[in-house]
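Participant: No letters, just coordinates:
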C-alpha cells in the first residue's frame with residue numbers, strides 16, 4: 001500500500017466502509033463501574049499473589065453509558081456489510 005499520496009494532499013476518499021466504533025480503555029472501565037478504583041485495585045498483582053480488591057459500583061451514569069454502548073453495538077451491526085460465503 002502506498003501512503004505517499006496523502007502526504008502530498010492527493011488522497012481521495014471513495015466510499016470505503018468505515019464500520020467501527022473507537023472506545024478507549026477509560027470508557028470501558030467507567031462503563032464497568034470501576035472508575036473509582038486504581039488499576040492495581042482492578043487487576044491485582046498476579047506476580048505478588050495479590051488478588052483484585054475493587055468491586056464494581058454501578059451508578060445511574062454507568063447504566064446510561066452501558067446503554068449507549070449497547071445501542072452503538074446494535075447500530076454497527078445494522079450497517080455492517082454482509083459476508084458472502086462462496
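Facilitator: Arrived safely. Values in this document were obtained by computation on a predicted structure and should not be read as measured data. Residues are numbered from 1 along each chain as shown.

Participant: for whichever helix in the chain runs longest, packing partners?
Facilitator: Assignment by DSSP state H gives helix 60-79 as the longest helix of the chain. Contact analysis of helix 60-79 by 3 or more Cβ pairs under 8 Å, 6 or more residues apart in numbering; DSSP states H and E lists helix 25-31 as its packing neighbours. Every C-beta, even on glycine, is put in place using the N, C-alpha and C of the backbone.

Participant: which residues touch the helix it packs on?
Facilitator: Applying Cβ atoms under 8 Å, 6 or more residues apart in numbering, the external contacts of helix 25-31 come out as 35, 42, 61, 62, 65, 66, 69.

Participant: Mark which of these are buried, thanks.
Facilitator: 35, 62, 65 (16 or more other Cβ atoms under 10 Å).

Participant: re the thing from before, pick out whichever of the contacts of helix 25-31 sits closest to residue 78.
Facilitator: Of all the contacts of helix 25-31, residue 69 has the smallest distance to residue 78: 15.1 Å, by Cβ to Cβ.

Participant: Now do the contacts for the closest one.
Facilitator: 23, 27, 31.

Participant: Looking at these, state which has the most neighbours.
Facilitator: With neighbours defined as other Cβ atoms under 10 Å, the most crowded of the contacts of residue 69 is residue 31; it has 22 neighbours.

Participant: any idea how far that one lies from residue 51?
Facilitator: 23 Å (Cβ to Cβ, to the nearest Å).

Participant: And residue 66, by the same measure?
Facilitator: 25 Å.

Participant: Show residues contacting stretch 44-59.
Facilitator: Outside stretch 44-59, the residues touching it (Cβ under 8 Å, 6+ apart) are 32, 33, 34, 36, 37, 38, 40, 41, 42, 43.

Participant: for the fourth one, helix, strand, or coil?
Facilitator: Remark: residue 36 carries the secondary structure label coil [criterion: DSSP: H, G, I helix; E, B strand; the rest coil].
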